[in-house]
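> mind folding the following:
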Amino acid sequence: MIEDNNIGAARSAQFIAPNSPRQASLSLPKAYEPQAVEGKWYRFWEEGGYFKPQPGATGAPFVISMPPPNVTGALHLGHAITATIEDILIRYHRMKGDDTLWVPGEDHAGIATQNVVERLLDQEGIDRHQIGREAFLERVWQWVNQYKSRIQDQHRRLGASCDWSRERFTLDEGLSKAVREVFVRLYEEGLIYRGERIINWCPRCMSALSDLEVNHVDTPGTLTYVCYPLKPLAEGEPTEYINVATTRPETILGDTAVAVNP
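The predicted model follows:
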């Protein structure tokens with residue numbers, strides 16, 4: 001038989017000899033309830049400090065800085081598999097006795113989060129210009145705080161053994177200051193400079209966009225064939241033509257010669 005004893009937040013099972021005065025029966029639920037079991041043990045681990053680097057660790061340091069998920073929405077299966085792989089590595093090195101740390105965090109996502117909030121405003125029939133800068137920033141922070149909390153809860157429910165006391169957000173003052181400091185240093189070293197380049201410009205956001213933020217769309221085009229007359233080799237010979245295909249017929253007015261690969 002099994003006797004169920006409360007020990008702090010955990011419960012331990014002890015085997016009791018048959019016919020013992022302490023013999024008791026344990027009532028188990030008819031169906032496994034993972035939420036209750038997993039939540040209980042996760043709280044036990046977290047409150048016990050088991051996810052933090054251990055002072056007595058004898059192995060080499062092993063650290064993973066979580067690729068911070070964007071606060072544009074909840075986690076999806078891609079985040080789940082990434083967190084699972086990282087958690088496997090973290091737990092493996094922790095069991096080896098290495099000085100192990102997994103730093104969690106979230107990313108503000110910049111323009112992507114702005115667009116999400118603007119779509120919400122559009123559903124209300126207003127835009128960011130109508131409500132003003134301060135009110136718009138307040139709405140953005142409401143969204144950020146809501147989904148930061150949701151992402152943290154999802155990682156906990158996945159069992160991710162992060163050191164939550166070290167959680168970071170990419171707009172934290174310390175991180176923002178570090179980014180500005182590095183940017184200024186790179187500028188002073190001549191590694192950041194202005195230049196004329198082809199960029200992705202959004203007329204609605206009034207900002208440049210990275211290639212990762214652009215959705216490329218293929219549209220049907222027109223291929224125009226132009227016949228350029230060739231000068232006859234002798235007088236009286238018929239005029240022959242060379243056909244040139246182009247998708248930019250408006251440039252023909254600037255043509256001065258045609259080069260042909262023999």
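> could you use CA atoms for every contact and neighbour count after this?
Will do.
> okay, and the helix or strand of the protein with the least pLDDT?
Lowest on mean pLDDT, DSSP states H and E among the helices and strands of the chain sits strand 2-7, with a mean of 39.
> got the contact list for the closest residue to residue 60 other than its chain neighbours?
For residue 60, ignoring the flanking residues on the chain, the nearest one in space by Cα to Cα, 6 or more residues apart in numbering is residue 98 at 5.1 Å. Residues near residue 98 by Cα atoms under 8 Å, 6 or more residues apart in numbering: 57-62.
> which ones among those map onto strands?
61-62 (DSSP state E).
> show me where the stretch 1-150 of the chain has its strands.
2-7, 10-15, 61-65, 99-103, 105-106 (DSSP state E, counting those that start in this stretch).
> packing partners for the shortest one?
This points to strand 105-106. Secondary-structure packing of strand 105-106 (3 or more Cα pairs under 8 Å, 6 or more residues apart in numbering; DSSP states H and E): strand 168-169.
> distance from the chain centre to the helix or strand just after the strand it packs on, please.
Once strand 168-169 ends, the next helix or strand along the chain (criterion: DSSP states H and E) is helix 173-188. Centroid separation for helix 173-188 versus its chain: 22 Å, with Cα atoms, centre = their mean, to the nearest Å.
> elements contacting helix 173-188?
Secondary elements touching helix 173-188 (3+ Cα pairs under 8 Å, 6+ apart): none.
> quick one: buried residues of that helix?
Buried residues in helix 173-188, defined by neighbour count with 16 or more other Cα atoms under 10 Å: none.
> repeat that for stretch 211-220.
Buried residues in stretch 211-220, counted by 16+ other Cα under 10 Å: none are found.
> list the contacts of that stretch.
Applying Cα under 8 Å, 6+ apart, the contact partners of stretch 211-220 are residue 200.
> quick one: end-to-end distance for it.
From its first residue to its last, stretch 211-220 covers 22 Å (Cα to Cα, to the nearest Å).
> and the nearest residue to residue 72 once chain neighbours are set aside, what does it touch?
Leaving out its chain neighbours, the residue that sits closest to residue 72 by Cα to Cα, 6+ apart is residue 113, at 5.1 Å. Counting by Cα under 8 Å, 6+ apart, residue 113 makes contact with 71-72, 140.
> quick check, nearest of these to residue 147?
Taking Cα to Cα as the measure, residue 147 lies nearest residue 71 of the contacts of residue 113, at 5.6 Å.
> wait, the closest one touches residue 141, no?
No: in this structure, residue 71 is not within contact of residue 141 by Cα atoms under 8 Å, at 10.4 Å.
> which parts of the stretch 51-200 of the chain are helices?
For the stretch 51-200 of the chain, helices defined by DSSP state H, counting those that start in this stretch occupy the ranges 77-96, 111-123, 128-131, 133-158, 173-188.
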